[in-house]
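[1] Dropping the sequence and predicted coords here.
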Amino acid sequence: MTTSPLDLPSIALAPKVLLHDHLDGGLRPATVLELAREIGYDELPADDVAAVGAWFREAADSGSLVRYLETFTHTVAVMQTASSLERVARECAEDLADDGVVYAEVRFAPEQHLENGLTLDEVVEAVLRGFEDGAAQAADRGRRIQVRTLVTAMRHAARSREIAELAVRFRHRGVVGFDIAGAEAGYPPSRHLDAFEYMRANNAPFTIHAGEAFGLPSIHEAISFCGTDRLGHGVRVIEDITLPVGADPAAAAFPDARLGDVANYVRDKRIPLELCPSSNVQTGAVASLAEHPFNVLARLRFRVTVNTDNRLMGDTTMSRECKVLVDQFGYGWSDLERFTVNAMKSAFIHFDERLAIIDDVIKPGYAVLIG
Ligand SMILES: O=c1[nH]cnc2c1ncn2[C@H]1C[C@H](O)[C@@H](CO)O1
Ligand SMILES: [Zn+2]
């Protein structure tokens, strides 16, 4: 047996696990356009498929999370009916499956989809139907994927407790957790303590976008005050790690790294980092892919995972995010397998379900590629 080349087509064949992907950040450009036409939404900044795709990519390349988030106005505007939510979710499941993702947790904020009179429950039901349908269609083509949902509360708003209750209400119907997202500076996670306490009281897991546009204090609050199970991004934990001056971010080892208390806690407790390389560059959380802390964190054995964040805004896929890391840091198949197993271990489904995917899907899949 021979080892497959580490190119994009082979990476697309590898089983991958995606924990951080936004439904409203992953529409196909053609779908944005079609849905806008259907409802007479005339504020799209472009009017053909290629231009729509390019616009999102370029507008999101802003170097600022706040400006990056402004692009969601358009996707959220065309996702206000049960049928549009269902369609976007169905296409999401199909696109991920076609890219070789075998397990995904896709998140979105139900409170942003109420403008046409849907209730929170109706919004979630439509999305769950779409995921189920998309996964079934993919299975018919021989592409197996399990898609689960995280419901997000917007951190500038005041509905987080209600959204946490929604997560628990749907916990046996496909919603596996809760999240908060949106602008980070000025909206610390501790504003939403009652939501996190509700989740903990119900033994239900959650993740928090933290350490993206704001640094260590945000991560500290998320883990120590809120008790988060994972960190959405968490990339700025690097600010609590001291490396020798001039250290190469692509080095194979960092023996002289010194960790502060927060970084040690994140690593000791194996708190998963939902790292999103391209998105981090777009929002200015890191200066460039070459300087992305992914490799430092991976080599120091943090529980790193690879994620897309927003496939439309980043013009990316899970395979592309993996390829970017291979190109930057020289990873091999066994590294990609390790990141995938890390993600599967960190998923919010139950332990026996995670183990079954690792043993029955991930390990055999990489064994074939490694040869
Ligand atoms: O990377 C992100 N950081 C913070 N908020 C984000 C990010 N990507 C998407 N969002 C927001 C915009 C969406 O409308 C919302 C729910 O998916 O989550
Ligand atoms: Zn995100």
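    That came in fine, so what should we check first? Ligands and ions are numbered 1, 2, ... in the order given.
[2] Point me to the residue of the stretch 201-350 of the chain nearest ligand 1.
    Per Cβ to the nearest ligand atom, the residue of the stretch 201-350 of the chain with the smallest distance to ligand 1 is residue 209, at 4.6 Å. C-beta coordinates here come from the backbone N, C-alpha and C atoms, glycine included.
[3] Let me know how buried that residue is, in neighbour terms.
    Taking other Cβ atoms under 10 Å as the neighbour definition, residue 209 ends up with a count of 29.
[4] quick thing: my sequence starts at 55, can you match it?
    Understood, numbering begins at 55; the last thing we discussed is residue 263.
[5] Are we agreed that it is in a strand?
    Yes. Under DSSP: H, G, I helix; E, B strand; the rest coil, residue 263 sits within a strand.
[6] partners of it in the sheet?
    With beta bridges defined as DSSP bridges, residue 263 has these partners: residue 286.
[7] Pull the contacting residues for it.
    Contacts for residue 263 (Cβ atoms under 8 Å, 6 or more residues apart in numbering) come out as 209, 233, 234, 235, 236, 238, 286, 287.
[8] what's the spacing between the last one and residue 93?
    Residue 287 sits 33 Å away from residue 93, going by Cβ to Cβ, to the nearest Å.
[9] who has more neighbours, these two?
    Remark: of residue 287 and residue 93, residue 287 carries more neighbours, 29 against 13, as counted by other Cβ under 10 Å.
[10] I figured the more buried one hits residue 340, correct?
    No. Counting by Cβ atoms under 8 Å, residue 287 stays clear of residue 340, with 10.0 Å between them.
[11] pLDDT averaged over the top helix by length along the chain - what is it?
    Using DSSP state H, we find that the single longest helix of the chain is helix 174-194. In this model, helix 174-194 has an average pLDDT of 98.
[12] Who are the packing partners of it?
    helix 136-152, strand 200-208, helix 214-223 (3 or more Cβ pairs under 8 Å, 6 or more residues apart in numbering; DSSP states H and E).
[13] so of the ones you listed, which one's packed in deepest?
    A comparison of these by mean neighbour count, using mean count of other Cβ atoms under 10 Å, puts strand 200-208 on top with a mean of 24.
[14] That one: partners in the sheet, and parallel or antiparallel?
    Looking at strand 200-208 with DSSP bridges, its partner strands are strand 155-162 (parallel), strand 229-235 (parallel).
[15] Pull the last one out as PDB, backbone CA atoms only.
    What follows is the C-alpha trace of strand 229-235 in PDB, where atoms were taken according to Å, rounded to 0.1, in the frame of the first residue of the first chain:
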ATOM      1  CA  VAL A 229     -29.500  20.200  19.400                       C
ATOM      2  CA  VAL A 230     -26.400  19.100  21.400                       C
ATOM      3  CA  GLY A 231     -25.300  22.400  22.900                       C
ATOM      4  CA  PHE A 232     -25.300  26.200  23.400                       C
ATOM      5  CA  ASP A 233     -22.900  29.000  22.400                       C
ATOM      6  CA  ILE A 234     -22.600  32.800  22.500                       C
ATOM      7  CA  ALA A 235     -21.300  34.800  19.500                       C
END
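[16] That strand vs ligand 1: in contact?
    Yes. Under the criterion of Cβ under 6 Å from any ligand atom, ligand 1 is reached by strand 229-235 at residue 235.
[17] Could you list the buried residues of the next helix or strand after that strand?
    Using DSSP states H and E, the helix or strand that follows strand 229-235 towards the C-terminus is helix 247-255. Of the residues in helix 247-255, those buried under the neighbour-count criterion (16 or more other Cβ atoms under 10 Å) are 247, 249, 250, 252, 253.
[18] helices and strands around helix 247-255, which ones?
    If you count contacts as 3+ Cβ pairs under 8 Å, 6+ apart, helix 247-255 packs onto helix 214-223, strand 229-235, strand 260-264.
[19] in the stretch 205-354 of the chain, what residue is nearest ligand 1?
    At 3.5 Å from ligand 1, residue 235 is the closest residue in the stretch 205-354 of the chain, using Cβ to the nearest ligand atom.
[20] Wait, that residue touches residue 163, no?
    Yes. With contacts defined as Cβ under 8 Å, residue 235 counts as touching residue 163 at a distance of 6.8 Å.
[21] okay, and the common contacts of these two?
    Residues touching both residue 235 and residue 163 (Cβ under 8 Å, 6+ apart) are 206, 207, 208.
[22] Hmm, the first one is touching residue 163, no?
    What that stands for is residue 206. Yes. With contact defined as Cβ under 8 Å, residue 206 counts as touching residue 163 (4.3 Å).
[23] Give the residues shared as contacts by the two.
    Here residue 206 and residue 163 have 217, 235 as joint contacts, going by Cβ under 8 Å, 6+ apart.
[24] For residue 219, which non-adjacent residue is spatially closest?
    residue 252 (6.7 Å; Cβ to Cβ, 6 or more residues apart in numbering).
[25] Tell me which residues touch residue 84, please.
    Contacts were defined as Cβ under 8 Å, 6+ apart; by that measure residue 84 touches 103, 106.
[26] Check the secondary structure at it for me.
    In the three-state summary, residue 84 is assigned as helix, counting by three-state DSSP.
[27] that older thread, the residue of the stretch 205-354 of the chain closest to ligand 1: neighbouring residues, count only.
    Look at residue 235: counted by other Cβ under 10 Å, it has 24 neighbours.
[28] Just the pLDDT for it.
    The predicted local distance difference test score for residue 235 is 97.
[29] Just list whatever residues bridge to it.
    Here residue 235, judged by DSSP bridges, has bridge partners residue 208.
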